[in-house]
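Student: A predicted structure for the sequence below; I have some questions about it.
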Amino acid sequence: MSLDIRPYAPGDAAALMGVCLQTGAAGEDATGMLEEPDLLSQIWLLPYLALEPDLASVVADGDAPPVGYVLGALDSRAFEAACERDVWPALRARYELGAFPAPSFDAQLVRLIHHPPVAEAELVAGFPSHLHIDLLPEAQGGGFGRRLIDRLVEQLTAAGSTGIHLHTSVRNTKSAAFYRRLGFDEWGTAGGGTVTFVRRLRSAPHRARFPG
């Protein structure tokens, strides 16, 4: 394949949902682990494509389906508020608590829809933006992860962000090493077996993307 990076386009969404599923188990394939495979994308992909599409970039071979992506939110607090207003209500009506038996993966994800995580005040004070990145094996090892993050960092810096954070599974040691190579520092370990990484950006104070 002749892979390259380009901005997200609406026609990419279905393929990106596939990438999200195939990397949804601490970087490994979650196919077969879910009764409702779209749940991962409903939480970790589609809200970003709806609310921050200009910060989404993909790895693809021309017009072929993408095999990787990076997503970002300029202002995490504003993004949380926008999701609470525009995303979660419909999903909560669609996926009621108790719709899947505990402790299934589906049940865990539905609980996140009803009780979404909120970034710590101290974290967003210094690192207001955040990102998600997922690459299929065919897009790994060619520098695309670094290039995707560099592209997003440039966008966030130009928009005025002072810092960025991300979360990854404590089991995903490969991604943790990758983030350290890109200049991210470990912030701490959060609940649910995740570790937070942060990186300062050299820019002016950021502006909220979702006023009101």
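Tutor: Everything's here; your move. Residues are numbered from 1 along each chain as shown.
Student: so which helix or strand takes in the residue most central in space within the chain?
Tutor: In the chain, the residue lying closest to the centroid (Cα atoms, centre = their mean) is residue 132, at 2.6 Å. Assigned by DSSP states H and E, residue 132 falls within strand 129-135.
Student: And residue 151, by the same measure?
Tutor: Assigned by DSSP H and E, residue 151 falls in helix 144-158.
Student: And that helix, what does it pack against?
Tutor: In terms of contacts (3 or more Cβ pairs under 8 Å, 6 or more residues apart in numbering; DSSP states H and E), helix 144-158 is packed against strand 4-7, strand 57-60, strand 68-73, strand 129-135, strand 163-169. Quick note: C-beta positions are derived from backbone N, CA and C, even for glycine.
Student: Any chance you could give me that helix in CSV, C-alpha atoms only?
Tutor: What follows is helix 144-158, C-alpha atoms only, in CSV (Å, rounded to 0.1, in the frame of the first residue of the first chain):
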residue,chain,number,x,y,z
PHE,A,144,2.3,7.5,10.7
GLY,A,145,1.5,7.7,14.4
ARG,A,146,4.1,10.4,15.0
ARG,A,147,3.0,12.3,11.9
LEU,A,148,-0.7,12.1,12.9
ILE,A,149,0.1,13.5,16.4
ASP,A,150,2.5,16.2,15.0
ARG,A,151,-0.3,17.3,12.6
LEU,A,152,-2.8,17.5,15.5
VAL,A,153,-0.4,19.3,17.8
GLU,A,154,0.2,21.9,15.0
GLN,A,155,-3.6,22.5,14.8
LEU,A,156,-4.1,22.7,18.5
THR,A,157,-1.1,25.1,18.9
ALA,A,158,-2.4,27.3,16.2
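Student: Outside of it itself, list whatever touches it.
Tutor: 3, 5, 54-55, 57, 59, 68-70, 72, 74, 129, 131, 133, 135, 139, 164, 178, 182, 199, 201-203, 206 (Cβ atoms under 8 Å, 6 or more residues apart in numbering).
Student: how about 7 Å then?
Tutor: Outside helix 144-158, the residues that touch it by Cβ atoms under 7 Å, 6 or more residues apart in numbering are 3, 5, 55, 57, 59, 68, 70, 72, 74, 129, 131, 133, 135, 164, 178, 182, 201-203.
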